[in-house]
Each structure stands twice: as C-alpha cells, then as structure tokens.
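Peer 1: No sequence on hand, only this structure:
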C-alpha cells in the first residue's frame, strides 16, 4: 500500500523549539538575574536543557503530569524549594520570552507546500493540545493539518504504540498507510516503525549512526524520499 498521510512531530521538526527556548531563557535570565549556581549564562542554558530533558522523560514515562514537570524543572534549575504558585509564576515569565522567539524552520513551509496535494497531514506530539494547537495557529500552519493529537490528552506518549495508533485512527487510516517524521531517532522514528508505521528520522544535526532508520537531514529531502523510494510506495510526482 502506498503512503497516504504524513504524521508530523512539531518541536525541533517543523518548529525551532531548541532555538526559541535558548533565546527565551537567555532573555529571561537577563531580567531575572543569573542563579548563583551558574558561572555564566551559557552554563545555565546547558543546565536548563539537561534538566528539561530529564523531567520531560519523567513525564513521558508517566511519573509526573505536564504541569508537574514544569514545576520540577524550575525547582531543580533554581535549587530552591518553591511553592507551586511560585514555580508557575517563574515559568510563565520564561514562557513570555520563549513565545516571542517562536519560528518555523525555513524548510518547513516549502516541504508542506510540496506535499500538500499528494498526502494528508496530521500531528502527533508529546505535549498538550492547548500548547500545540495555539503554537501552530500562531505560526500560521494549523489549517494544514487535519488533526492534532497530543499525549497529555491521550494519556499515552511516544514511543508507545498506542500514541501512534491514536493518531492513525484520527485520520481513519491503517498504520502501514502513514509515515511519521520526527527529530528523535528512538521516540519518533523507531517508535513509529515499532507501531507499524513508516518512520523517518529528521537528523538536522547530521549525527548519523543509526543505519536501521530511514534518515534525512532536512525537510527539503522529504518530498523526494516519499516520491522516489519504492519502500514508501508513492508515485514519483515531484519531478
């Protein structure tokens, strides 16, 4: 069966989450002051990213809820025992700077344009519908996706097969009819393959080292891959 739909990750796939997070946190620290634990803003930014990865993994594993992982990130970053309200307020001030830095990757809209008439499109994200629907609308691309399926509302997150299957069900398609595109080799590409979808790893950093995965280094490669690779079954319509 040919691929009939592209299922997309958002953060660090079509949306430059890492860039926006770094810019937003740098501006936030300029206003809040650098915590005593860090010798420089760069050191603080590296720590914030590592703390984010740790607590996001806890959320994905069901060890905490969405708001809880945010609060725990703030407490660990500041090394302070904050109330929930204090942690929420600090994070909200960070979010204001982060959202001001939102942008799509330059290759996102051109790829979506090339694929628009040949495949159906939807989103599967490990975030919440509140965050991701608003983000896509702010960035001007929400109407390009038939459905936005998010882990917070599902109660199951990537790489669990149930998350991928729920997104396929939202499209009314079987997993083998859908390809998933995301920036994480295990959570996105390998998870999709294990769930019966086709999986494509968007390796923007050119890390490589995963020969078992279908890999691209930019979204400009995606239309040609879908059109020309017989493993995906789509006709060559992109010239």
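Peer 2: Yes, it's here. Just so you know, these numbers come straight off a predicted model, no measurement behind them.
Peer 1: Tell me where this structure has strands.
Peer 2: Ranges of strands in the chain, per DSSP state E, are 5-8, 120-125, 148-150, 178-182, 198-202, 214-216.
Peer 1: what about the last one, distance to the chain center?
Peer 2: It refers to strand 214-216. Taking C-alpha atoms, centre = their mean, to the nearest Å, one finds the center of strand 214-216 at 17 Å from the center of the full chain.
Peer 1: Now do the buried residues in stretch 84-97.
Peer 2: Within stretch 84-97, the residues scored as buried using 16 or more other C-beta atoms under 10 Å are 87, 90-91, 94, 97. C-beta coordinates here come from the backbone N, C-alpha and C atoms, glycine included.
Peer 1: do the same with stretch 54-69
Peer 2: Buried residues in stretch 54-69 (16+ other C-beta under 10 Å): 55-56, 59-60, 64, 66, 69.
Peer 1: now stretch 94-114
Peer 2: Buried residues in stretch 94-114 (16+ other C-beta under 10 Å): 94, 97-98, 101-102, 104-105, 107-109, 111-112, 114.
Peer 1: average model confidence for it?
Peer 2: Across stretch 94-114, pLDDT averages out at 97.
Peer 1: Now do the end-to-end distance for it.
Peer 2: 35 Å (C-alpha to C-alpha, to the nearest Å).
Peer 1: Residues touching it, excluding its own?
Peer 2: 13-16, 19-21, 23-25, 27-28, 31, 121, 135, 138-139, 141, 144, 204, 218-220, 222-223, 238 (C-beta atoms under 8 Å, 6 or more residues apart in numbering).
Peer 1: Over to stretch 79-88?
Peer 2: Defining contact as C-beta under 8 Å, 6+ apart, one finds that stretch 79-88 is touched by 35, 37, 67, 70-71, 74-75, 90.
Peer 1: Mind doing that once more with 7 Å?
Peer 2: 37, 71, 74-75 (C-beta atoms under 7 Å, 6 or more residues apart in numbering).
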